[in-house]
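Chemist: got a structure for you, letters missing:
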């Protein structure tokens, strides 16, 4: 690992205690010869503040990590996510252990995981020119806005072939990464995927067909969503990326979804963090079987506890 000399701390100003913790982390880094810039983030898009840094620290919830990941992944900048939010599926470092985790990273001993992102592109016009391009750690959604029904065609391109799934009418459609499978996609009935998989989850939202179901597709291919229009007044649709970026769609637009060229590297997030979060955050009450009885924890395992809402 190259020597770390510059860091940026993204402080979510809507999270209690984030500013104070940002000051402590900055002082901790400065004392070890690492310059740290404090960047205040209020949930709105503000451009790209991440150039020329060795790593980024996020102080907030999963949404703060999503914001940082979209800019850091293409640059190869790792993200150190401190969780001050409610769920913490992505932000796996608790505020009580940031110091040990950060010191381990500076010493080159920290565990890290890579998460795939979606590459999202909108093509428009007879020449299929690109009018929008972004990436997403969680998901992208095509919807009509104002509870309008949207019509769209879906196809999957792989190994030189294109396979049509047909024309759909629904409130929308979600394309999610394994990381995003615990978010909006799960609320729409999609499956939960382990974050180390290389796959897409495509989930219709309230489709006008009982046979419409979520599908898991390999990330080696590409999803094409052809937007046909909306019901009611107006014909424009809406593309939403990670619940944070939006782009207005016109009938005939093609949304191309692929695996982004660069993953994001999350520092200090061990694989078991995700599986623990499934139990703690989703309130799964089933305990492991031990000694032929349910309701007991296995030897050496802490009992399941409910975490309070810290928002």
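Modeler: Yep, it's here. Not measured: the values here are computed from a predicted model.
Chemist: Confirm that residue 22 sits in a strand.
Modeler: No - Residue 22 sits outside any strand when classified using DSSP: H, G, I helix; E, B strand; the rest coil, being helix.
Chemist: Verify the contact between it and residue 9 for me.
Modeler: Yes - taking CB atoms under 8 Å as the definition, residue 22 is a contact partner of residue 9 at 4.9 Å. For glycine as for every other residue, the C-beta is placed from the backbone atoms N, C-alpha and C.
Chemist: Between the two, which contacts overlap?
Modeler: Contact criterion CB atoms under 8 Å, 6 or more residues apart in numbering; residues shared by residue 22 and residue 9: 38, 59.
Chemist: Could you tell me the phi and psi values at residue 47?
Modeler: phi 90, psi -170 (degrees, to the nearest 10).
Chemist: Show the pLDDT at it.
Modeler: On pLDDT, residue 47 comes in at 74.
Chemist: Contacts only, for it.
Modeler: Taking CB under 8 Å, 6+ apart as the contact definition, residue 47 lies against nothing.
Chemist: Where do the helices of the stretch 101-250 of the chain begin and end?
Modeler: 184-187 (DSSP state H, counting those that start in this stretch).
Chemist: so what's the spatially most central residue of the chain up against?
Modeler: Centroid check for the chain by CA atoms, centre = their mean gives residue 138 as the closest residue, at 2.7 Å. Shown in contact with residue 138 (CB under 8 Å, 6+ apart): 62, 66, 176-177, 179-180, 183-184, 242-243.
Chemist: Quickly list the domain ranges of the chain.
Modeler: With automatic domain parsing as the criterion, the domains of the chain are listed as 6-110, 118-259.
Chemist: Can I get those domains in CSV including distance to residue 279?
Modeler: Shown next, in CSV, are the domains of the chain (distance: least, CB to CB, whole Å):
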stretch, distance to residue 279
domain 6-110, 12
domain 118-259, 12
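Chemist: For residue 280, find the nearest of those domains.
Modeler: Nearest of these to residue 280, taken as CB to CB: domain 6-110 at 8.9 Å.
Chemist: now this protein, which segments are flagged as low pLDDT?
Modeler: Low-confidence segments of the chain (pLDDT under 70): 1-2, 147, 232-234, 285-311.
Chemist: how about 50 then?
Modeler: 291-311 (pLDDT under 50).
Chemist: I'd assumed residue 46 was in contact with residue 71.
Modeler: No - assessed by CB under 8 Å, residue 71 is found out of contact with residue 46, at 10.4 Å.
Chemist: part of a helix, is residue 276?
Modeler: Yes - checked against three-state DSSP, residue 276 lies within a helix.
Chemist: What is the neighbour count of it?
Modeler: Counted with other CB atoms under 10 Å, the neighbours of residue 276 add up to 13.
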